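**Q** I need the structure of the sequence given here:
(one chain, ligands or ions: 1)
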Amino acid sequence: MNHPTSHQAPNGTHHDHRHEAGHGMGDQAEILDLDAEVLAGHTASITAWLPLRTAPRHIVDLGCGTGAGTLALLERFPEAEVTAVDSSAAHLHRLQQNVTAAGAADRVRPVRADLDAAEWPDLGAPELVWASASMHHMADPDAALRKVHGMLAPGGLFAVVELAGFPRFLPGDAPETAPGLEERCHAAFGHHDAHVPHRGADWGTLLAGAGFTVEGERTISVDIGPSRTDAVGRYALSSLRRIRAGVDSALTAEDLTALDQLLDTDGPHSILRRGDLSVRTERTVWAARRT
Ligand SMILES: C[S@@+](CC[C@H](N)C(=O)[O-])C[C@H]1O[C@@H](n2cnc3c(N)ncnc32)[C@H](O)[C@@H]1O
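**A** Numbering: from 1, shown residues only. Below you'll find the model as predicted:
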């Protein structure tokens, strides 16, 4: 069992879920579900750390995806109801399946809304707003933070969680025919994904600028492995598949061949056959109070 540790580190994220097109959204939903499963313990440590004055009864999860945060919050705060907001119908559909499976559908109100819109729907006056890996997607993060400030109950808390990018799964010297392939894939995909402009923003400063009092910042180092669960293999597979679609012209032929061998689940080099996978990443959370 690996336990999260806490230290300061820069942050940023590579996830981009703005485009709801074709089968891509299903792939993204699968990655979000696997991420939720593999990192559930780390998410629980974040919800346990939040400096809340009283247990919240009404929580809003902004950019809720398939429900990683919603489910963690429902478990941490058994008296609470969660309004789960996302622009993706596919993600909200999966979220409803997930909360139903958890026996908590009656405590969740899914709301489909574009948080880039000038007006947000009425989301009530929550005591806790949670936004994990979603604020960097906002076209105007400052405007979004100000809207959250205006919506929160006085004394309420805004938890912004951001990721240090896609997790790494392979050892640095893997695969055997192309050592270091994973880093080269991320470098190539980083260029492709450069249209997520607010990844790695200084959220503490942005929150203060929007009127919040930032009461805490914590970085969680994730290092799970070597993997003992199938979920880690499937998470690695889904993540590298998504990257594969964006790195066609940016990798050498040798690297593309090695990547395709990892992604060939019937072949001898399939990533699912490896016993040396781990999950390495970082998450940072800011706890900001409306005073
Ligand atoms: C990286 S996912 C994170 C999902 C979830 N919070 C989690 O931690 O697993 C980002 C989510 O933000 C949503 N999103 C992106 N831009 C949005 C917008 N303008 N309005 C509402 N949701 C948005 C996406 O649909 C996606 O579900």
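**Q** is it true that Asp260 lies in a helix?
**A** Yes: counting by DSSP: H, G, I helix; E, B strand; the rest coil, Asp260 is found in a helix.
**Q** the nearest residue to Pro171 once chain neighbours are set aside: neighbour count?
**A** Of all residues not flanking Pro171 in the chain, Asp276 sits nearest, at 5.5 Å (CB to CB, 6 or more residues apart in numbering). For the C-beta atoms, the positions are set from N, CA and C on the backbone; glycine is no exception. Asp276: 12 surrounding residues under other CB atoms under 10 Å.
**Q** check the one 10 residues further on too.
**A** Residue neighbour count, defined by other CB under 10 Å, stands at 24 for Trp286.
**Q** quick one on the thing from earlier: ok, now which ones touch the residue nearest to Pro171?
**A** Neighbouring residues of Asp276 by CB atoms under 8 Å, 6 or more residues apart in numbering: Leu170, Pro171, Ala174, Gly225, Pro226.
**Q** out of the residues you listed, which are buried?
**A** Taking 16 or more other CB atoms under 10 Å as the criterion, what is buried in the contacts of Asp276 is Leu170, Pro171, Ala174.
**Q** how near is the second one to the ligand?
**A** In this structure, Pro171 and the ligand are separated by 26 Å, where distance is defined by CB to the nearest ligand atom, to the nearest Å.
**Q** and what of the first one?
**A** When distance is defined by CB to the nearest ligand atom, Leu170 is 22 Å away from the ligand.
**Q** check the last one too.
**A** Distance, Ala174 to the ligand, using CB to the nearest ligand atom: 26 Å.
**Q** so which residues of the stretch 101-250 of the chain form strands?
**A** 108-112, 128-132, 157-163, 213-224 (DSSP state E, counting those that start in this stretch).
**Q** for the third one, what is the average pLDDT?
**A** Throughout strand 157-163, pLDDT has a mean value of 96.
**Q** and the angle from it to strand 128-132?
**A** Here the directions of strand 157-163 and strand 128-132 differ by 10 degrees (axes from the mean of the first three to the mean of the last three CA atoms, to 10 degrees).
**Q** neighbouring strands of strand 157-163 in the sheet, and parallel or not?
**A** strand 128-132 (parallel), strand 279-289 (antiparallel) (DSSP bridges).
**Q** could you tell me how many residues sit around the residue in the stretch 151-291 of the chain that the ligand sits nearest to?
**A** Taking CB to the nearest ligand atom, the ligand has its nearest neighbour within the stretch 151-291 of the chain at Val161, 6.9 Å off. Using other CB under 10 Å, Val161 is surrounded by 24 other residues.
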